[in-house]
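Undergrad: one predicted model, sequence on top.
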Amino acid sequence: MADIKYDGRVAVVTGAGMGIGKMYALELARRGAKVVVNDLGGARDGSGSDSAAADLVVEEIKAAGGEATANYDSVATFEGGQNIVQTALDAYGQLDILINNAGILRDRSFLKMSEEEWDLVLAVHLKGAFCVTQPAVKAMKDKNYGRIVFTSSTSGLYGNFGQTNYGAAKLGVVGIMNTLKLEVSKYDIKINTIAPTAWSRMTADIFPPDFEQKMNPQFNEPMVLFLCSEENQVTGMTFAMGAGWYGRTAIVSGNGVCIGDANRPIAVEEIRDNFEQIASLEETKPHDNGGSIFAYMAPLLG
Ligand code: NAI
């Protein structure tokens, strides 16, 4: 099998100044892509900014013989998203790959969470995904090709104490993907989502010290690079990973149960009496789109 290369491809990686995003940028460039290294360069909680974060990665790519351009805009504004994509178009004339990776944390238990903590986290992760992806899709549509990756989290997919803001935003990007994949499929734009796990400044104070090696951020990079390659033909899927383990995760439905016949109201006791079967996740199936839920109702719809 031939090596996977990105020659002739242009990539934007948001939040590529450190952590997991830096791994994507370095490897994409090493394999031939021209890379826009976006990073606001702020603190873990999103405060401040520093152009050095993006500049240092660009320098590292160039020192290794690759091509890269820095961008310092925040993903969290409409204008910032436009500028990030425009940086790629101005420098390299096209955009083929977008990795939405930038992120911050403002952890707080739900009852103590302030409006600011809620808004900032939603702005970077969820609105940021919209602000950068919309101009990116416009550019990709013109060329009939694109590979996009959203970054979710197990906190959004499954839950994590103290992260209702972060979890809501991270599951929100799955919602963007679920619909956007349908709207852009005819342009050969494939969109997938990952839930990474890695040692970074986000997790350094949570993980035990030996995780610095065992949870190296590099381990997330090959999966994301595969999803960004021409060889990847899947769209609308979510993959969780960490420490060298990779697996698909999905929102699925159980078979459920059909009650009634459309000619009479259904009583709460009928839900109680059928609850075990309604709540069962035996024989689960993932969905291709929202309409696929109608297959379960088919016996009632005729
Ligand atoms: P990190 O803190 O090392 O990197 C995040 C980068 O995003 C930083 O360089 C930061 O400056 C940049 N950034 C923050 N706000 C920005 C904005 N408004 N515009 C542009 N850049 C901005 O964190 P890490 O761990 O590398 O996280 C990368 C992504 O993976 C994030 O979306 C994070 O939520 C997600 N993630 C990480 C996990 C982990 O175990 N490290 C677990 C689950 C998800």
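TA: Thanks, I have the structure now. As the structure is a prediction and not an experimental result, all values here were calculated from the model.
Undergrad: can you give me the strands in the stretch 1-150 of the chain?
TA: Using DSSP state E, counting those that start in this stretch, the strands of the stretch 1-150 of the chain run over 10-13, 34-38, 67-71, 97-100, 146-151.
Undergrad: mind listing what's buried along the lengthiest helix in the chain?
TA: Scanning the chain for the longest helix, with DSSP state H as the assignment, gives helix 164-184. Using 16 or more other Cβ atoms under 10 Å as the test for burial, helix 164-184 gives 164-174, 176-178, 180-182, 184. For the C-beta atoms, the positions are set from N, CA and C on the backbone; glycine is no exception.
Undergrad: now for that helix, which elements pack on it?
TA: Packing contacts for helix 164-184, counted by 3 or more Cβ pairs under 8 Å, 6 or more residues apart in numbering; DSSP states H and E, involve helix 115-122, helix 128-143, strand 146-151, helix 154-157, strand 189-195.
Undergrad: and the shortest one, how far from the chain's centre?
TA: Here helix 154-157 is found 11 Å from its chain centre; the criterion is Cα atoms, centre = their mean, to the nearest Å.
Undergrad: residues making contact with it?
TA: With Cβ atoms under 8 Å, 6 or more residues apart in numbering as the test, helix 154-157 has contacts from 160, 163, 166-174, 195, 197, 238, 240, 249.
Undergrad: for Asp107, state which of those residues is nearest.
TA: Closest approach between the contacts of helix 154-157 and Asp107, by Cβ to Cβ: Gln163, at 5.7 Å.
Undergrad: for the closest one, list each beta-bridge partner.
TA: Counting by DSSP bridges, Gln163 is bridged to Arg108.
Undergrad: quick check: the gap between it and the ligand.
TA: 10 Å (Cβ to the nearest ligand atom, to the nearest Å).
Undergrad: check Gly242 too.
TA: Separation of Gly242 from the ligand (Cβ to the nearest ligand atom) stands at 7 Å.
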